[in-house]
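Asker: this is a predicted model, with the sequence first.
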Amino acid sequence: MVSKPVKLAVVGGRRGRAFNKALGILSDKVQLVAICDISEEVLKIWKKNMPYVQTFKDYDEMLEKSDCDAVFIATPIFLHAKQSIKAMKAGKHVLSEVVAATTLDECWRLVETVEDTGMTYMLSENYCYMRPNMMILNMVEKGVFGELIYAEGGYIHDCRDLLFYPDGKLTWRGEASHNFPGNTYPTHSLGPIAQWLHVNREDGDRLLRTATFMTKSVAVPIYVKRLFGESHPGAKREFWKRGDSATTVIQTERDVVIVLRVDYHSPRPHNMAHHVLQGSSASYLSARYRGEDPLIWIEGRSPGQSPPKDAPAEWESLWKYADEYEHPRWKRWGKEAMKTGHGGGDFFVLEDFVDSILQRKDPPIDVYDAVTWSCIVPLSIESVKKGNIPVEIPDFRKKC
Ligand SMILES: NC(=O)c1ccc[n+]([C@@H]2O[C@H](COP(=O)([O-])OP(=O)(O)OC[C@H]3O[C@@H](n4cnc5c(N)ncnc54)[C@H](O)[C@@H]3O)[C@@H](O)[C@H]2O)c1
C-alpha cells in the first residue's frame, strides 16, 4: 500500500529534468527521492540543484537501495522494457517514456509482468493530453464527429542534431536511424488517435493490420557531410537503414484507416504535432505551425455546406467551441498545466500515474495500450523488410 506522497525515482536524468515543473505543482501527491543515470555529468547537475535527492549510477543498485515506490523510466528507448520489467519485479510501479518496447517479445513480456505482479504500469504518452487532443476526444465522445472514418498523425521533427555526439559518434537516436528501417517513434501520433477510436475499450475499435513504406535517405547524409566531412560513414546514403520519411498505414476492425508519418530527418520548421480526424459529420485539422489555430468544420453548425449548396463549407477555429467542448480537465487545470512541458502533457501524465497508484485504479494508458501503440515499431520494420507487406497486429489483451 503506497501512502501520499508517492516516492518517485527518475531513471535517465536528461528528459527527467523536464518533469521538475510538474513535480513542483503536484508536490502534495508525489515527491522525487532518487535519480539514476550512468552519466556522472548528469548526476552532478542534479546533486547541485537538488542535494537532498539520492543519486545512483547503477540501476540495479537503485532498485535495491532506494526506498522509492515508483520509477519514471526516461532512458534510451531500447532500455525501456527491460528496465520496466526489472522495476515491477522489484515491487516498483512504472511510468515509462515512449515507446514502451521495441520488439514483440518485449511487448508480451511487459504484459505478463504487469499481470503477474499487479504493479501499476503506465505509458507516459504526453501527446494524448495536449489541449486540442483532449478537446477532440471530448467532442468524439459527445457524438460531434458522428462515425469515425479516417485519421492521420505525424511526428515530423528535424532531429538530425540529436543523432550525433559532438565527435560524430551516434547517439541512441542515431543508432535507431542507422539500424532500423521503419517507424521507431509512433506513439505521439497514434496515441491520441487510438483514444479517439476507443481502441482496446469494450465499446471501441481494434487495430488489425499495418504496412509501412519508406523513402530514401537524403537529408541525413547531406547534414553529415556538412558537419563531419565525406569520410564519416554516415555521409553515405546506404549507412542509414531508415529513410528520411516513413509512412505507416493501419486498418482497424471497424474499417477506419489510420496514416502515421514519422520524419526525423527532413529540414523544415518544427511543428509539435500533426493530426487529422474525419468523421461522418465533422472534420478536424491540427495547427500547421505555432500560433495557428487548429481547425474544425461541423456539419449543421459551421458555415456553409459540404458539398456546397448556397455556400461552400468553411473551416473555423477549434477554439470557437472551447466554452462548450473544452475537456473538463483542461477547464480545471489548463493554466497550471501550461506551465509544464509539452503543451501541458507532462502535468496530466504525472497526475494520472500518481492518482492510479494512490487510488488503486487502472491507469488511463495501461500496458495493453502501451504495447498496442508501441508494437508498430517492430511490425513496421518487419513490413519494410518484407517489401511493405501488411502484417497482423496482435490483440495483447488475449493471452497466447
Ligand atoms: N514524451 C516526450 O515528449 C519525450 C521528449 C523527449 C524524449 N522522450 C523520451 O525520453 C527518453 C530519453 O530521451 P532524451 O532525449 O532525454 O535522451 P538522452 O540520450 O538525451 O538522455 C538519456 C539519458 O539516459 C541516461 N542513460 C543511458 N543509459 C542508462 C542506464 N542504463 N541507466 C540509467 N541512465 C541511463 C543517459 O546518460 C542520459 O542522461 C527517450 O525514451 C525518449 O523517447 C520523450
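Answerer: Sure thing, it's come through.

Asker: enumerate the residues of the stretch 301-400 of the chain near the ligand.
Answerer: By Cβ under 6 Å from any ligand atom, the residues of the stretch 301-400 of the chain that approach the ligand are residue 342. For the C-beta atoms, the positions are set from N, CA and C on the backbone; glycine is no exception.

Asker: actually, the chain.
Answerer: Residues of the chain that fall close to the ligand, judged by Cβ under 6 Å from any ligand atom: 11-15, 36-39, 42, 59, 74-77, 79, 97-98, 126, 171-172, 342.

Asker: PyMOL command for the buried members of the residues you listed?
Answerer: Selecting only the buried entries of these in PyMOL, with 16 or more other Cβ atoms under 10 Å as the criterion:
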select buried, resi 11+12+13+15+36+37+42+59+74+75+77+79+97+98+126+342
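
Asker: now, the residues of the chain next to the ligand that are in strands?
Answerer: Under the assignment DSSP state E, these contribute 11, 36 to strands.

Asker: narrow the residues of the chain next to the ligand to those in helices?
Answerer: Counted as lying in helices by DSSP state H, out of these, are 13, 14, 15, 42, 59, 172.

Asker: just checking, which of these comes out lowest on pLDDT?
Answerer: Across these, the bottom pLDDT score, 75, is held by residue 15.

Asker: excluding its backbone neighbours, what's nearest it?
Answerer: Closest residue in space to residue 15, ignoring its immediate chain neighbours: residue 74 at 3.9 Å, by Cβ to Cβ, 6 or more residues apart in numbering.

Asker: per-residue pLDDT, the one you found?
Answerer: Reported pLDDT for residue 74: 96.

Asker: my guess is it meets residue 8, correct?
Answerer: No. With contact defined as Cβ atoms under 8 Å, residue 74 does not count as touching residue 8 (11.5 Å).

Asker: neighbouring contacts of the helix or strand of the chain with the lowest mean pLDDT?
Answerer: Scoring the helices and strands of the chain by mean pLDDT, DSSP states H and E places helix 13-17 at the bottom, with a mean of 77. Helix 13-17 has contacts (Cβ atoms under 8 Å, 6 or more residues apart in numbering) with 10, 35, 36, 37, 39, 42, 43, 45, 46, 72, 74, 97.

Asker: repeat the analysis, applying 6 Å as the threshold.
Answerer: Helix 13-17 is contacted by residues 10, 35, 37, 42, 46, 74 when judged by Cβ atoms under 6 Å, 6 or more residues apart in numbering.

Asker: just stretch 117-132 next, same as before
Answerer: 88, 93-98, 100, 114, 187-188, 191-192, 195, 273, 294, 318, 330, 342-343, 345-346, 348-349, 353, 356-357, 363, 365, 367, 370.

Asker: just checking, which of those belong to strands?
Answerer: Using DSSP E, those in strands are 93, 94, 95, 96.

Asker: run a quick neighbour tally on the second one.
Answerer: Okay, so that is residue 94. Applying other Cβ atoms under 10 Å, we find 31 residues neighbouring residue 94.

Asker: residue contacts, it?
Answerer: Shown in contact with residue 94 (Cβ under 6 Å, 6+ apart): 71, 84, 87, 88, 121.

Asker: give me the neighbour count for the last one.
Answerer: Yep, that's residue 121 we're talking about. When neighbours are defined as other Cβ under 10 Å, residue 121 has 27 of them.

Asker: may I have the phi/psi pair for it?
Answerer: Phi and psi for residue 121, reported as degrees, to the nearest 10, are phi -130, psi 130.

Asker: surely the residue nearest to residue 15 and residue 12 touch.
Answerer: Yes. The pair residue 74 and residue 12 passes the contact test of Cβ atoms under 6 Å, sitting 3.8 Å apart.

Asker: show me which of the contacts of stretch 117-132 are buried.
Answerer: Buried members of the contacts of stretch 117-132, scored by 16+ other Cβ under 10 Å, are 88, 93-98, 100, 114, 187-188, 191-192, 195, 273, 294, 318, 330, 342-343, 345-346, 348-349, 353, 356-357, 363, 365, 367, 370.

Asker: helices - which of these land there?
Answerer: Per DSSP H, helices hold the following members of the buried ones among the contacts of stretch 117-132: 88, 114, 187-188, 191-192, 195, 330, 345-346, 348-349, 353, 356-357, 367, 370.

Asker: could you find the closest non-adjacent residue to the residue in the stretch 101-250 of the chain positioned nearest to the ligand?
Answerer: Nearest to the ligand, among the residues of the stretch 101-250 of the chain, is residue 126, at 4.9 Å (Cβ to the nearest ligand atom). Computed as Cβ to Cβ, 6+ apart, the closest residue to residue 126 that is not its neighbour in sequence is residue 345, at 2.8 Å.

Asker: contact partners for the one you found?
Answerer: So residue 345 contacts 126, 129, 130 (Cβ under 6 Å, 6+ apart).

Asker: what do you get for residue 225?
Answerer: Applying Cβ under 6 Å, 6+ apart to residue 225 gives the contacts residue 235.

Asker: can you verify it is assigned to a strand?
Answerer: No. Under DSSP: H, G, I helix; E, B strand; the rest coil, residue 225 sits outside any strand and is assigned helix.

Asker: any idea how far it lies from residue 127?
Answerer: In this view, residue 225 and residue 127 are 33 Å apart by Cβ to Cβ, to the nearest Å.

Asker: how is this structure divided into domains?
Answerer: Split into domains by automatic domain parsing, the chain comes to 6-125, 128-327+365-392.

Asker: grab the nearest non-local neighbour of the one residue in the stretch 301-400 of the chain that gets nearest to the ligand.
Answerer: Per Cβ to the nearest ligand atom, residue 342 is where the stretch 301-400 of the chain lies closest to the ligand, at 4.9 Å. Nearest in space to residue 342, with sequence neighbours left out and distances taken as Cβ to Cβ, 6+ apart, is residue 126 at 4.5 Å.

Asker: how about the nearest residue to residue 236, chain neighbours excluded?
Answerer: Spatially, and ignoring its direct neighbours in sequence, residue 236 is nearest to residue 221 (6.3 Å; Cβ to Cβ, 6+ apart).
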